[in-house]
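> Take a look and give me a structure for this.
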Amino acid sequence: MRNYGINDIVDKLRSAVQVGGSLVRYAEKLAVELEHDGFGRTARAYRTAVRRLVDFCGEDLRLEQINSSLMGDFQKHLKKQGLNLNSISFYMRTLRSIYNKAVAEKIVTERTVSPFSTTYTGVATVKKMALSQDELQQLAALEFDVEGEMPLALRNALAIFLFCYHARGMSFVDMAFLKKSDREGDVIRYARRKTEQLVEVVVHEPMRRILEWFEPQVEGSEYLFPVIVDSRKNPMLQYENGLRLQNERLKRVAKLLGINKRFSTQDARHSWATVAQSAGLPIDLISEGLGYQSHKKTKEYLNSLDDASRLVSDAVVAPPKRPRGRPRKLPDVAVGNSVRV
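The predicted structure follows:
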């Protein structure tokens, strides 16, 4: 436990006077401290949540004005705006964290009943979606439509999604931070940012075509994809903005194709696992492909993984002049186990 000296107490008192009970000023003070300690993402979450509440109220609030009635109304407002439970929970948990810190610092008096006692602060289970093989084939066919009128931003979003699919369900964050130095010939080696698991992906034809598409857009950049584009700005902030734009653009791509389901970057990962399962691939091979397991990397095993990756890609990639008709289906093989995605 930290021991507080007289200077610490004076600093706390001075801070309380400067904040003056203002939610905006207090949250900003906390955000600056978080940034100083290396927690920039949490700092941005504080600012975002407070900005949303202030926009709802139409003015800055005093910390003591935060009560269960206000938070209940704010929650109803977020629901009306179409936010899902997890997004609502994000705002409520963030505001609760700010409020609890104010209570701990004696800037506001703790109430018998928490202002957040009736708001949703849990984590709702979200059904993981996967595109059907037909829908994936529609996307792959659209990639070949180079003479179409799809805007560059949407074509980039489509290409990024398909690359992540072909790269064994690579996550968007791992794709965004891929550097040209991570590619050596026809092999890309990287560490998953979520688990630090080392992953090796062979670049086969669909991926090679997509990388060539982006080459002019990343000339002079150290990255393979145009997500982190400004060396002067925070890379993580650029990634988060890129993720938001990517999901917005994927929704527009889905609308163009008449795909009526939630469509996001994560679907590339879920879809790869689903197609691999329907192809009858062993569960351990699928898990390895997704970067979950750490099997001994024998040459034979890596060859098997590469073959599996090509099979899953070939299942959806239609060549430009493919005859019309029903798309080829993979064998419908019962697997019996699920795969984490």
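> where does this protein dip in pLDDT?
1-20, 124-129, 144-148, 278-309, 318-341 (pLDDT under 70).
> redo that, cut-off 80
1-20, 84, 123-133, 142-149, 194-196, 260-263, 269-270, 272-341 (pLDDT under 80).
> Export only the CA atoms of stretch 114-133, formatted as PDB.
The C-alpha trace of stretch 114-133 is given here as PDB (Å, rounded to 0.1, in the frame of the first residue of the first chain):
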ATOM      1  CA  SER A 114     -24.900   3.500  -6.200                       C
ATOM      2  CA  PRO A 115     -26.000   5.600  -9.100                       C
ATOM      3  CA  PHE A 116     -25.200   2.600 -11.300                       C
ATOM      4  CA  SER A 117     -27.200   0.000  -9.300                       C
ATOM      5  CA  THR A 118     -30.000  -0.200 -11.900                       C
ATOM      6  CA  THR A 119     -27.800   0.100 -15.000                       C
ATOM      7  CA  TYR A 120     -26.400  -2.800 -17.100                       C
ATOM      8  CA  THR A 121     -22.700  -3.300 -16.400                       C
ATOM      9  CA  GLY A 122     -22.300  -6.900 -17.400                       C
ATOM     10  CA  VAL A 123     -21.000  -8.600 -20.500                       C
ATOM     11  CA  ALA A 124     -23.700 -10.100 -22.800                       C
ATOM     12  CA  THR A 125     -22.900 -13.200 -24.800                       C
ATOM     13  CA  VAL A 126     -22.800 -12.300 -28.500                       C
ATOM     14  CA  LYS A 127     -23.400 -15.000 -31.000                       C
ATOM     15  CA  LYS A 128     -20.400 -15.400 -33.200                       C
ATOM     16  CA  MET A 129     -21.300 -15.000 -36.800                       C
ATOM     17  CA  ALA A 130     -19.900 -16.700 -39.800                       C
ATOM     18  CA  LEU A 131     -20.600 -16.000 -43.400                       C
ATOM     19  CA  SER A 132     -22.000 -18.900 -45.500                       C
ATOM     20  CA  GLN A 133     -19.800 -20.400 -48.200                       C
END
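> who touches that stretch?
66-68, 70-72, 75, 84-86, 88-89, 92-93, 95-96, 99, 139, 259, 261-264, 266-267, 270-271, 273-275, 278, 315-316, 327, 329-330, 341 (Cβ atoms under 8 Å, 6 or more residues apart in numbering). (Glycine included, C-beta is placed from N, CA and C.)
> hmm, try it at 7 Å
The contact list for stretch 114-133 (Cβ atoms under 7 Å, 6 or more residues apart in numbering) reads 66-68, 71-72, 75, 85-86, 88-89, 92-93, 96, 99, 261-262, 267, 270-271, 274-275, 315-316, 327, 329-330, 341.
> all strands for the stretch 51-200 of the chain, in order.
Secondary structure of the stretch 51-200 of the chain (DSSP state E, counting those that start in this stretch): strands at 183-184, 187-191, 198-202.
> partner strands of the first one, parallel or antiparallel?
Each strand pairing with strand 183-184, determined using DSSP bridges, is listed with its direction: strand 187-191 (antiparallel).
> Give me the buried stretch members for the partner strand, please.
For strand 187-191, burial by neighbour count (16 or more other Cβ atoms under 10 Å) applies to 188, 190.
> any idea of the angle that strand forms with strand 198-202?
160 degrees (axes from the mean of the first three to the mean of the last three Cα atoms, to 10 degrees).
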